[in-house]
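heads up, no residue letters with this:
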Ligand SMILES: Nc1ncnc2c1ncn2[C@@H]1O[C@H](COP(=O)(O)OP(=O)(O)O)[C@@H](O)[C@H]1O
Ligand SMILES: O=C(OP(=O)(O)O)[C@H](O)COP(=O)(O)O
């Protein structure tokens with residue numbers, strides 16, 4: 001199966017092209033802290049603009065649950081895109097209706113417009129027919145360049161491809177090619193590291209992942225959920241207690257599949273979620289009730305790095321700790337550097353992905369030393385499992 005790309009588009013001058021991009025970038029105090037996702041979609045935007053299309057960007061930001069939330073506006077992101085692409089990026093305060101229509105009507109050939117967060121409408125995540133129609137009203141052609149959101153069957157990632165001629169953007173194309181090249185036929189042992197904070201949306205993926213990999217290292221907020229499921233008191237740590245049953249069934253599946261599970265044996269605890277907070281390393285079974293684990297400890301780092309040393313292939317989504325605030329970046333940085341050095345010596349194929357994971361790899365200074373850094377986290381894990389990605393599948397179905 002294959003899909004159409006920008007190479008299949010001709011004569012697009014004056015055409016209104018709706019481009020789904022992933023601008024769900026890490027930010028702090030309204031400023032973008034890692035622009036990798038923006039940089040990756042620039043080639044598609046620039047190519048379309050240079051060919052005279054009216055480029056209309058669709059994107060989500062955060063999880064606003066179907067209604068406008070000021071802190072999740074894409075407006076500040078429009079300014080960041082403008083800086084990187086070095087061209088004016090217009091902004092419309094809604095992705096459908098009059099605000100969008102007026103902004104689109106005002107575009108000259110080659111102009112770029114970013115529409116407000118698609119998730120400000122309930123119809124986006126429901127892939128609602130009326131909402132999709134309202135989005136489609138502003139376009140002649142649809143391009144999906146958001147591989148990292150392709151695991152979502154939403155109006156802007158899947159629905160639009162039913163209504164408009166649909167194509168893959170340059171980044172979508174490049175991500176799929178790079179993942180296939182790096183992981184299509186992975187050398188064993190394959191080790192996966194999964195950490196981060198999006199526990200509820202990623203935990204289900206682990207059921208299948210343990211059938212595909214030789215070892216699964218669990219860190220970050222994800223680890224706390226597994227530890228709690230085993231009866232360990234994780235104090236005030238980020239933890240989804242209601243997922244204990246799911247966590248236990250994953251551990252059982254791992255045993256059946258012969259996949260080693262690597263959980264932290266020690267943790268760095270603090271009582272405040274801020275840089276420089278007083279902290280200490282404790283045994284994982286001795287977390288005080290009023291403290292939270294913000295990173296894994298030295299013994300756990302050594303255990304993870306042992307697996308990285310044994311691995312021939314490493315896939316990684318989700319940092320091992322709250323890497324944005326020092327010193328809770330220690331484990332993520334130490335493991336990233338070890339993986340990078342093995343990759344540089346030719347002993348390891350390493351692929352890391354996810355909005356915050358890319359930022360963590362940049363923070364560790366290793367983004368150029370890994371085999372591939374994907375913008376995708378959840379989508380990359382689902383691809384790894386062999387699960388169909390709705391946003392990619394629908395592109396394959398285009399005539
Ligand atoms: N122990 C922890 N406690 C709280 N937050 C954590 C912990 N470990 C990791 N995190 C947070 O997880 C976030 C990244 O998770 P996630 O969004 O799942 O990754 P990605 O965007 O790469 O897919 C980071 O902001 C990091 O601070
Ligand atoms: O940041 C994203 O995914 P990731 O955290 O798995 O890298 C994508 O923009 C998808 O966002 P979502 O997980 O809120 O659907």
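Cool, the structure landed. Just so we're clear, the structure is a prediction, and the values are computed from it rather than from any experiment. Numbers count the residues shown, from 1 in each chain. Ligands and ions are numbered 1, 2, ... in the order given.

contacts, neighbours, all on C-alpha from now
Noted.

quick check, the host helix or strand of residue 38 touching ligand 1?
Per DSSP states H and E, residue 38 falls inside helix 36-50. No: Helix 36-50 is not in contact with ligand 1 by Cα under 6 Å from any ligand atom; minimum separation 11.1 Å.

Can you give the distance from that helix to the centre of its chain?
Distance of helix 36-50 from the chain centroid (Cα atoms, centre = their mean, to the nearest Å) equals 18 Å.

Name all residues that make contact with the closest residue to residue 372 other than its chain neighbours.
Leaving aside its chain neighbours, residue 372 sits nearest to residue 351 (4.9 Å; criterion: Cα to Cα, 6 or more residues apart in numbering). The contact partners of residue 351, by Cα atoms under 8 Å, 6 or more residues apart in numbering, come to 182, 314, 315, 316, 370, 371, 372, 373, 374.

In strands, which of those residues fall?
Assigned to strands by DSSP state E, the following of the contacts of residue 351 qualify: 314, 315, 316, 372, 373, 374.

What distance do you get for the last one to ligand 1?
Between residue 374 and ligand 1 the distance, using Cα to the nearest ligand atom, to the nearest Å, works out to 10 Å.

in the sheet, who's paired with that residue?
Beta-bridge pairing for residue 374 (DSSP bridges): residue 353.

is the one helix or strand the residue nearest to residue 372 maps to anywhere near ligand 2?
Residue 351 belongs to strand 349-353 when elements are defined using DSSP H and E. No: if you take Cα under 6 Å from any ligand atom as the test, strand 349-353 misses ligand 2, and the best it gets is 6.8 Å.

what sits against the residue of the stretch 101-250 of the chain found nearest ligand 2?
Here the residue of the stretch 101-250 of the chain nearest ligand 2 is residue 149; by Cα to the nearest ligand atom that distance is 4.6 Å. Residue 149 makes contact with 22, 157, 376, 379, 391, according to Cα under 8 Å, 6+ apart.

Would you check that the last one makes contact with residue 157?
Yep, that's residue 391 we're talking about. Yes: between residue 391 and residue 157 a contact is recorded at 5.3 Å, counting by Cα atoms under 8 Å.

Common neighbours of these two, please.
With Cα under 8 Å, 6+ apart, residue 391 and residue 157 have common neighbours 144, 149, 150.

Just give me the neighbour total for the first one.
As a burial measure, the neighbour count of residue 144 was computed by other Cα atoms under 10 Å and equals 31.

Next to ligand 2, which bits of the stretch 101-250 of the chain? Give me the list.
Near ligand 2, when you scan the stretch 101-250 of the chain using Cα under 6 Å from any ligand atom, you find 148, 149.

Swap in 8 Å and give it another go.
148, 149, 151, 152, 198, 201, 202 (Cα under 8 Å from any ligand atom).
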